[in-house]
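Engineer: here's a sequence, model it:
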Amino acid sequence: DQMVINDLMKIPGFTLIQDQVSVTGAAVFVSEATSERLTVILANRLPLEEQSGTDLIYFNETFHSFVMVQYKAMEKGTDEQVGYRPSNDRNLVKEIARMDALLASIQACAPNRSHDGYRLTDNPFFLKLCSRLVFNPDDIGLVSGMYLPLDYWKLLVQSPRVQGPRGGLRVTFENAGRHFDNSSFTTIVSKAWVGTTPSQSDVLREAIRQTTETGKA
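Structural biologist: Now for the predicted structure:
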């Protein structure tokens, strides 16, 4: 929960211009260098998490794109290496099922016809694996971790690279292969290189609004 709240209120290179977390669960940021606006919405432990399977929802107001992130804590093993064990997480399967269901729904939207709506991938879901740490209130950055696209995650957990000698899975910084760090994730989200297309975002924005107002996913 602390990791999610930290990232809800901090985006490197962006200035917080509206803190509505206590009212609507959202914070609005504007880029310090350009004009992009990002709204970050808290879904963790709320009906929005039941709807999306994620903890934080980023909405790029400039390019009309949603990106959604599920957070997972990495624990230190007996070998002192930090990793995440999917088999120890009873919620992961249900969360991914919710992501897949929502993705299937919005893929029925009209295809994009605008250059501003272009995405490298229109799958808006990511997992962020983070090491448990002692928080420094003076830290102005996102929690250290690695962002993995959902499609990449599904391939990664099928790889022998993340399997232990007894068949268990453990994903670490060393065996994940590739990931987006905080800086690269902020870039692709702020420029909407990934995320939902404008037509998908119109449908999703209304669904999120109704869930927030009614308290029902």
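
Engineer: only C-alpha atoms from now on, for both contacts and neighbour counts.
Structural biologist: OK.

Engineer: what bridges to Gln70?
Structural biologist: Taking DSSP bridges as the rule, Gln70 bridges to Leu127.

Engineer: report the contact partners of it.
Structural biologist: The contact partners of Gln70, by Cα atoms under 8 Å, 6 or more residues apart in numbering, come to 53-56, 125-128.

Engineer: ok, Arg119 next?
Structural biologist: 192-197 are the contacts of Arg119 under Cα under 8 Å, 6+ apart.

Engineer: ranking those by neighbours, who comes first?
Structural biologist: Thr196 (31 neighbours; other Cα atoms under 10 Å).

Engineer: so how far is Asp122 from it?
Structural biologist: Thr196 sits at a distance of 5 Å from Asp122 (criterion: Cα to Cα, to the nearest Å).

Engineer: correct me if wrong: Tyr117 contacts Gln200.
Structural biologist: For the record, residue 117 is Gly, not Tyr. No - between Gly117 and Gln200 there is no contact under Cα atoms under 8 Å: 10.1 Å.

Engineer: so between these two, which is more surrounded?
Structural biologist: Gln200 (23 against 20).

Engineer: tell me what the longest helix belonging to the chain is packed against?
Structural biologist: Longest helix of the chain, by residue count under DSSP state H: helix 198-214. Here helix 198-214 touches helix 47-52, strand 65-76, helix 92-106, going by 3 or more Cα pairs under 8 Å, 6 or more residues apart in numbering; DSSP states H and E.

Engineer: helices and strands of the protein: which one bottoms out on pLDDT?
Structural biologist: Within the chain, no helix or strand scores below helix 21-24, which has a mean of 86 by mean pLDDT, DSSP states H and E.

Engineer: how far off centre is that one?
Structural biologist: On the basis of Cα atoms, centre = their mean, to the nearest Å, helix 21-24 sits 20 Å off its chain's mean C-alpha point.

Engineer: and that helix, what's buried?
Structural biologist: Of the residues in helix 21-24, Val21 count as buried by neighbour count, 16 or more other Cα atoms under 10 Å.

Engineer: could we number from 726 for the rest of this?
Structural biologist: Let's use 726 as the start, then, which means that last one is helix 746-749.

Engineer: and Leu852, what does it touch?
Structural biologist: Leu852 makes contact with 794-797, 872-875, 878, according to Cα under 8 Å, 6+ apart.

Engineer: distance of it relative to Glu805?
Structural biologist: Counting by Cα to Cα, the gap from Leu852 to Glu805 is 23 Å.

Engineer: just checking, Asn837 touches Ser790?
Structural biologist: No - at 11.8 Å, Asn837 and Ser790 do not qualify as touching, with contact defined as Cα under 8 Å.

Engineer: all set, thanks.
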